[in-house]
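Trainee: coordinates only, sequence not included:
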C-alpha cells in the first residue's frame, strides 16, 4: 500500500501566509477540527525528492497510508500542493477514526481535477466499518473528462442518511471546471436537518432539508479515492473535517463561510467567491 506515517498531535499556531494570500485570523483549529491536511505546511508533509512519503494530520487524530508515489509540487500561487496521477495514488486513513459525533459534520478543501475516466472518480470519500454504511463520496458523475458532480451516499434501501437524496444527489447548479483550483465543501447538519454542498461559496444543489439518519461515527478518509478504490487524477492544496455544525444554530452557515474565506484568502482564490460572500474582501 505504500509508506505510512503516524500523525503527531501538536498545538496549532497562526503562521504568516506569504505569496498569493493574506493571513486569516480564523483557522480550522478554532473549531473542533477532526482531520486536517495542508500541503503547504512543510512540518506536516515529508518527501523523498518530490515524492510524498509521510503526511501528518494537523488535527492530531488520523495517521495515513500513502498509495503509490504522489508528488509535492509548487503550483498554486507559489504554494505547494499534492499531485496525484489517477493510477493507484491516494492518501488514506490507516484505520477508522471516531470523527463524527451526533451526525454533525462538514468537510472542505481546495481541489483541481485533470482527468476523469469514471463516474466514481472522487475528490474524497469517507468509508466506514460500521454495519450501517452511512458514509459518502464527492464524485464526478461522469466518465468523459467532465465533472457535473454528484454526492454519493450509502446504498441502503432503508434507514438511509436521507430518504430524499437516496443513493445520490446531482450537483444541478454548479459543476467543476477542468484544470481549475476550486473550493469544494459538503455539510451534514443533523441539528438543522439539512445536507448541502458548495463550490466557491455557492450552492451546488439546493440544500436538502431531510437528514434522517446520522453518518456513522467511525470513518476513514480516502483522499482522491472513492469507497471502491477508484483513484482520481488531480491536485489537492488543503482539506479539513470539522466535527460539528456549519454554523452556530439551526441552518446558520457562519462557520462554513469562515472556512471558505480562510481557504480563499490563504491560497489567493478570493476571485472565485461571489461578491455577496461575507469574506470576499476580508479574511475571517
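Mentor: Structure's in. What do you need? Computed from a prediction, not measured in an experiment: that's the story for all the values here.
Trainee: Flag the shaky bits of this protein, pLDDT-wise.
Mentor: For the chain, the stretches flagged by pLDDT under 70 are 1-23.
Trainee: Now do the helices in it.
Mentor: Per DSSP state H, the chain carries helices over the ranges 254-266.
Trainee: Excluding residues flanking it in the chain, which one is nearest residue 34?
Mentor: Closest residue to residue 34 apart from its sequence neighbours, by CB to CB, 6 or more residues apart in numbering: residue 99 at 3.8 Å. Using the backbone N, CA and C atoms, a C-beta is placed for each residue, glycine as well.
Trainee: wait, the one you found sits on residue 36?
Mentor: No: here residue 99 does not reach residue 36: they are 11.1 Å apart, not a contact under CB atoms under 8 Å.
Trainee: got any residues that touch both of these two?
Mentor: residue 241 (CB atoms under 8 Å, 6 or more residues apart in numbering).
Trainee: Near the residue nearest to residue 34, how many other residues are there?
Mentor: Residue 99: 25 surrounding residues under other CB atoms under 10 Å.
Trainee: and residue 118, how far is that from residue 184?
Mentor: Separation of residue 118 from residue 184 (CB to CB, to the nearest Å): 18 Å.
Trainee: Phi first, then psi, for residue 278.
Mentor: phi -60, psi -20 (degrees, to the nearest 10).
Trainee: if we can go back for a sec, out of residue 118 and residue 184, which sits in the busier spot?
Mentor: Each of residue 118 and residue 184 has its neighbours counted (other CB under 10 Å); residue 184 has more, 25 against 16.
Trainee: what is that one paired to in the beta sheet?
Mentor: As for beta bridges, residue 184 partners with residue 109, residue 199 under DSSP bridges.
Trainee: Distance of it relative to residue 91?
Mentor: Distance of residue 184 to residue 91, computed by CB to CB: 16 Å.
Trainee: try residue 237
Mentor: 13 Å.
Trainee: shared neighbours of these two, anything?
Mentor: Common neighbours of residue 237 and residue 91, counting by CB under 8 Å, 6+ apart, are residue 82.
Trainee: Run through the bridge partners of the residue lying closest to residue 42 once chain neighbours are set aside.
Mentor: Distances taken as CB to CB, 6+ apart place residue 80 nearest to residue 42, at 7.7 Å, with adjacent residues excluded. As for beta bridges, residue 80 partners with residue 74 under DSSP bridges.
Trainee: contacting residues for residue 80?
Mentor: So residue 80 contacts 39, 40, 42, 45, 72, 73, 74 (CB under 8 Å, 6+ apart).
Trainee: Please repeat the previous calculation with a cut-off of 6 Å.
Mentor: Neighbouring residues of residue 80 by CB atoms under 6 Å, 6 or more residues apart in numbering: 39, 40, 72, 74.
Trainee: Could you do residue 124 as well?
Mentor: Per CB under 6 Å, 6+ apart, neighbours of residue 124: 138, 223.
Trainee: Same question for residue 73.
Mentor: Taking CB under 6 Å, 6+ apart as the contact definition, residue 73 lies against residue 83.
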